[in-house]
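Trainee: A predicted structure for the sequence below; I have some questions about it.
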Amino acid sequence: PLVQSGGGPVQTGGSLTLSCGTSGYRPTDYCMAWFRQLEGKDREWVATISGIGRTSYADVVRGRFTVSRDKGLTILQMSNLQPEDTAVYYCAADYHRQQICPKEYPVWGQGTQVTVSS
């Protein structure tokens, strides 16, 4: 399983950082993605980082969110947050995929709430 940290309340225009890692040591040469679920809506993809560091973003967050890796953790840096970014954020991993990342993932974090107030 994946362990998430970060999140919480923030005002419009503010920034937050989410972290995600494994409970034990594991090299980070695999695909990992961030998803979010807004209240009453289906879970949506936010960003992906491949095992070789290639990143991709949903249009609604591109330019505001950055996914990266640091010391075994996968980081989602979120800036210029807006009320419509309020959601439960999940990280997900596929340990068997490195360069071409899937749309569906078998391993998930527990989720963390991000609430952006105006």
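Mentor: Nice, I can see it.
Trainee: Which secondary structure element is home to Val3?
Mentor: Assessed by DSSP states H and E, Val3 sits inside strand 2-6.
Trainee: Identify each buried residue in that strand, please.
Mentor: Buried residues in strand 2-6, counted by 16 or more other CB atoms under 10 Å: Leu2, Gln4, Gly6. For the C-beta atoms, the positions are set from N, CA and C on the backbone; glycine is no exception.
Trainee: how would you label the residue nearest to Arg64 when sequence neighbours are not counted: helix, strand or coil?
Mentor: Nearest non-adjacent residue to Arg64, counting by CB to CB, 6 or more residues apart in numbering: Asn80, 4.8 Å away. Following DSSP: H, G, I helix; E, B strand; the rest coil, the label given to Asn80 is coil.
Trainee: what helix or strand is Thr115 on?
Mentor: strand 112-117.
Trainee: quick one: that strand to strand 2-6, angle?
Mentor: 20 degrees (axes from the mean of the first three to the mean of the last three CA atoms, to 10 degrees).
Trainee: What number of residues are in the vicinity of Gly7?
Mentor: With neighbours defined by other CB atoms under 10 Å, the count for Gly7 comes to 20.
Trainee: which residues touch the residue nearest to it when sequence neighbours are not counted?
Mentor: In space, and not counting its chain neighbours, Gly7 is closest to Thr112: 3.7 Å by CB to CB, 6+ apart. Contacts for Thr112 (CB atoms under 8 Å, 6 or more residues apart in numbering) come out as Gln4, Ser5, Gly6, Gly7, Leu18, Val88, Tyr89, Tyr90.
Trainee: I appreciate the help and will end here.
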